[in-house]
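*Asks:* Provide a 3D model corresponding to the input given below.
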Amino acid sequence: MSDGMYETFAWGRKSKSDKFIPMKIERNLPGPDDVQFQIKYCGICHSDVHQCDDDFGISMYPFVPGHELAGIVTAVGQNVTKYAIGDKVGVGCIADSCMDCPGCDTGEEHTCDKGMTGTYNGKTVHGHLATNSGYTFGGYSGSYTLHTKYVIKIPSSYPLEKAGPVFCSAITVYSPLAQHGALKGGKNIGVIGIGGLGQMGVMLAKAMGNRVTAISTTPKKKQAALEMGADNFIVSTDPASMKAGDNSLDLILNCVSANHQVALYIPLLRRFGTIVQLGVAMAPHSLVQLMLMRKRLSVSGSTIGGIRETQDCIDFCASHNIETATKLITWDKLDEVFEILKGKNDQVIRYVLDIEASKAKPAKTNPSVANISSFMLLRCMCQSTPLSLDVLVALW
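*Replies:* The predicted structure is shown next:
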């Protein structure tokens, strides 16, 4: 890491109650082992909403979210051999770690004994990157610099605007599929919640050679789920549909971020089956353990995956032409999109911030100030009241 710093633009919040605004941030210049890249796109994750709103009580402000970064390399350190200027690269949730523990040594950096540093809102304690705040700023920004260890190579054939979500939503479902033996196919996999996360679960599980059942609260997503590759569809709010799915699944990926009760889905599992909790629901679950004991069922949890597994994930997506459904937006739509994600989001889509297009969008004006200024100007014109120079400047 270099001791020098550089300034770049970003969009963030000054506090949990504020709206998004343009701001300036500083990152470290690239050192001998670093890669610097220009961010072109950044996926918008439900976790961005949670952390911007300080739902976990750990958010630091000003806050710049974004951990689904995709861009083009602009500089590399002298020790970097894997990447060159012009390469397509990305970064997921991991920006740094201790590099000296069993987790880091085995490619499971997200399980670092000393705690990984997140791509945003992570304290820069490991000494491999720096900002002007002492904590990381995310990908709703112009560029990023970090150690080459945490950079993911994007295959040349993979669309850059589609790559960011792979580093969060895709790896979040790819990792438990790999950990529970689904890579070889032949299993019956259930995916609860057919949104930005769930759609990747359906497509990846199917491409691995498994039989896939999509599960949603609404029948409106059935056609979309079948088009993604699902073999079956269960409506979780329909008792008959749920009953028909009893004892049918080896593994369930629970991608629901809204508050719910996992106990509803336990009867769908076969003997020795596992349901993996992936969506960040904040309300506690109530579960009677007898539901698990008779068939030796398990409730597990997972977050993302390590760097090595993330590289495997995007390589798999590229070789099987798996792409998430995305919608590009500019920074002035961030507040609106965050409100959509806070509610019950029935869209099978992943929003992606278009950095280049956002640069052309000016800062928002305060409508109340603009309205007051217009009113004052109109009143003075109607009353033929002369305006002093300082008032004219203020109104301008």
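
*Asks:* contact partners for the closest residue to Ile39 other than its chain neighbours?
*Replies:* With Cβ to Cβ, 6 or more residues apart in numbering as the measure, Gly71 is the residue that lies nearest to Ile39, at 4.3 Å, once sequence neighbours are left out. C-beta: built from backbone N, CA, C; applies to glycine. Listed by Cβ atoms under 8 Å, 6 or more residues apart in numbering, the contact set of Gly71 reads Phe37, Gln38, Ile39, Lys40, Tyr41, Lys88, Val89, Gly90, Ser143, Tyr144, Leu160, Ile355.

*Asks:* ramachandran angles for Val276?
*Replies:* Reported as degrees, to the nearest 10, the phi and psi values for Val276 are phi -110, psi 120.

*Asks:* hang on, it packs against Leu253?
*Replies:* Yes. In this structure, Val276 is within contact of Leu253 by Cβ atoms under 8 Å, at 5.6 Å.

*Asks:* common neighbours of these two, please.
*Replies:* By the contact definition Cβ under 8 Å, 6+ apart, Val276 and Leu253 are jointly contacted by Pro176.

*Asks:* neighbour count: these two, which is higher?
*Replies:* Leu253 (31 against 22; other Cβ atoms under 10 Å).

*Asks:* surely the more buried one and Leu278 touch.
*Replies:* Yes. Leu253 is within contact range of Leu278, at 5.9 Å (criterion: Cβ under 8 Å).

*Asks:* common neighbours of those two, please.
*Replies:* Common neighbours of Leu253 and Leu278, counting by Cβ under 8 Å, 6+ apart, are Val173, Pro176.

*Asks:* show me the helices in the stretch 151-300 of the chain, by range?
*Replies:* Here the stretch 151-300 of the chain has its helices, by DSSP state H, counting those that start in this stretch, at 160-163, 169-179, 196-207, 222-228, 239-244, 290-293.

*Asks:* most packed of these?
*Replies:* For the helices of the stretch 151-300 of the chain, ranked by mean neighbour count under the definition mean count of other Cβ atoms under 10 Å, the leader is helix 196-207 at a mean of 27.

*Asks:* model confidence score at the residue lying closest to Arg308 once chain neighbours are set aside, please.
*Replies:* Residue nearest to Arg308 in three dimensions, not counting chain neighbours: Gly107, with 3.6 Å by Cβ to Cβ, 6+ apart. Model confidence at Gly107, expressed as pLDDT, equals 94.

*Asks:* the chain should start at 562 in everything you say after this.
*Replies:* Got it, first residue is 562 now, which makes that one Gly668.

*Asks:* ok, now how distant is Gly668 from Asp873?
*Replies:* Taking Cβ to Cβ, to the nearest Å as the criterion, Gly668 is separated from Asp873 by 10 Å.

*Asks:* equivalent analysis for Gly806, please.
*Replies:* Where Asp873 is concerned, Gly806 sits at a distance of 31 Å (Cβ to Cβ).

*Asks:* nearest residue to the middle of the chain?
*Replies:* For the chain, Cys606 is the residue whose C-alpha lies nearest the centre (Cα atoms, centre = their mean; 3.3 Å).

*Asks:* so what's that residue up against?
*Replies:* Cys606 makes contacts with His628, Glu629, Cys729, Ser730, Gly757, as judged by Cβ under 8 Å, 6+ apart.

*Asks:* next, give phi and psi for it.
*Replies:* Main-chain torsions, Cys606, degrees, to the nearest 10: phi -100, psi 150.

*Asks:* same check on Asp615?
*Replies:* Backbone torsions for Asp615, taken as degrees, to the nearest 10, come to phi 60, psi 40.

*Asks:* and for the nearest residue to it once chain neighbours are set aside, the neighbour number?
*Replies:* If the residues on either side of it in the chain are set aside, Asp615 comes closest to Lys577, at 4.6 Å by Cβ to Cβ, 6+ apart. The tally of other residues near Lys577 (other Cβ under 10 Å) stands at 13.

*Asks:* with respect to Lys675, which of the contacts of Cys606 is nearest?
*Replies:* Distance ranking of those against Lys675, using Cβ to Cβ, places His628 first at 19.4 Å.

*Asks:* list the contacts for that closest one?
*Replies:* Contacts of His628 were listed using Cβ under 8 Å, 6+ apart, and they are 606, 608-609, 652-654, 679-681, 699-700, 728-729.

*Asks:* same thing with Ala786?
*Replies:* Going by Cβ under 8 Å, 6+ apart, Ala786 touches Ile755, Val763, Ala775, Ser777, Phe794.
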